[in-house]
Structure formats: structure tokens, C-alpha cells
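K.L.:
attaching a predicted model along with its sequence, questions to come.
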Amino acid sequence: MYAIVGAQVLTLLTGRQCEAVCGGQIMDCGGGRSMIIAPGRQEIRQARHLSDLRMYHCWIQVYLPDEVVFDPVVVDFSTRYDPQSAALFKIDFSAELQRDFIWCRLSDFDKPIPASLEAMHQRSGQRPAWLWRDARCEALLKQFQQDNAAQFAAITSAVLLNFVHRVETAMADSTTTSTTTSTSTLVAPAASEYSF
């Protein structure tokens, strides 16, 4: 799962509290078309495992220290599959909305609910927004994470090793292409350049 591994990787790389969370979302398909990805209330009540849910949405929330207003960063790596999700429901997806990931604030999802989805969203009992957490969904997600902790640790290690390899390769490439000096000097970006 992108959210679980992504949260572990981001926590290790940034030192910030990053959490995989779960619930529902309204997905914008473009051209005034949208759809809800969320489990029904009865489905959630009956589920004993995450795999019992047909539809749910997972993402990462990053909590920044010393924020006066609660507005965590949302990181979502599943958006690359939005066209396939829309296709399952025979909804056209606009190519200009295709994204590899979302990196924004939770408040960016506080938008009016499309009229065509109002009744369905109200039945979910969730706050009026395009992204919402669900406590039962999250309990199932946490259980899934605990049951597969060793596997997720191995995947996280592999991702970090891949990241280190890419950094080392980029550094080696910059060293060999440099014509001004015989040695390469890395300069860390200023703290203000970090998103966190």
C-alpha cells in the first residue's frame, strides 16, 4: 500500500509525524463528472478485515509542529490510478486531471459537494468535504499494517535503498559532468526551501 510505505519513508526522511489514514473521497473526473470512493456504512460495520471493503481511499497525512490551525499536509500517491477507478464505473476521466500524486493541505478538500452526490455523501455521515477519514476504516487499516509489519518494513527498506542509489547516481553524474572543478561539492538547500 502506497500510504503505509509512503508514510514510513516520509517519516524517516523528514523526521515529521506522517500517518497512513483511510476513509473516503470525492474524485473529480473533469467535465462536471465526479464519483465517491468510500465504503457504505453497513459494509464497514460488517467488515472484519480491510480486504472485506470493496471501496475505500488511503492517503498520508503529515503533521507539522507548532501549527496554530490544524491543517495537515495531504500526500496521495494513488492519484495515478484515478483514470482506472473512473473506468470501473464507466465514467469518462479528463486526461488533463491526470496526476502522479497530490501534495497539498487538507483544507484544499473543503469544497462544496456536487449536487449529484449530496444524498450519497450525507448517508456517509461524514463532514462536507471531498476527503474524509473514517474511524472503522482506519482501525482495519491499522490492523492490516500490524499483521504485515515485516513485509512493510522490507518494502520501506527497499524504497530507501532505491532512493539512496538514485541520489548516489545523480551525484556521480554531476561530478563527471562538472568542468569547473575536479571535485564535487554538495550544498544543502536552505531550510526555507523545504516543504516541511
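P.N.:
Done, it's in.
K.L.:
show me where pLDDT drops low in the protein?
P.N.:
122-127, 177-196 (pLDDT under 70).
K.L.:
which strand residues bridge the most centrally placed residue in it?
P.N.:
Closest residue to the average C-alpha location of the chain: residue 76 at 2.1 Å, with CA atoms, centre = their mean. Note on residue 76: beta-bridge partners by DSSP bridges are residue 102.
K.L.:
my guess is it contacts residue 106. True?
P.N.:
No: judged on CB atoms under 8 Å, residue 76 makes no contact with residue 106 at a distance of 11.1 Å. Heads up, the C-betas are built off the backbone N, CA and C, glycines and all.
K.L.:
what about residue 143, distance to residue 79?
P.N.:
Noted for residue 143: a distance of 25 Å to residue 79, by CB to CB, to the nearest Å.
K.L.:
swap in residue 14?
P.N.:
With CB to CB as the criterion, residue 14 and residue 79 are 21 Å apart.
K.L.:
which of those two has more residues huddled nearby?
P.N.:
residue 79 (17 against 14; other CB atoms under 10 Å).
K.L.:
what count of nearby residues applies to the closest residue to that one other than its chain neighbours?
P.N.:
Spatially, and ignoring its direct neighbours in sequence, residue 79 is nearest to residue 99 (4.7 Å; CB to CB, 6 or more residues apart in numbering). For residue 99, the neighbour count with other CB under 10 Å is 12.
K.L.:
for residue 99, phi and psi?
P.N.:
phi -140, psi 150 (degrees, to the nearest 10).
K.L.:
list the contacts of it.
P.N.:
Neighbour list for residue 99: 79-80, 82 [criterion: CB atoms under 8 Å, 6 or more residues apart in numbering].
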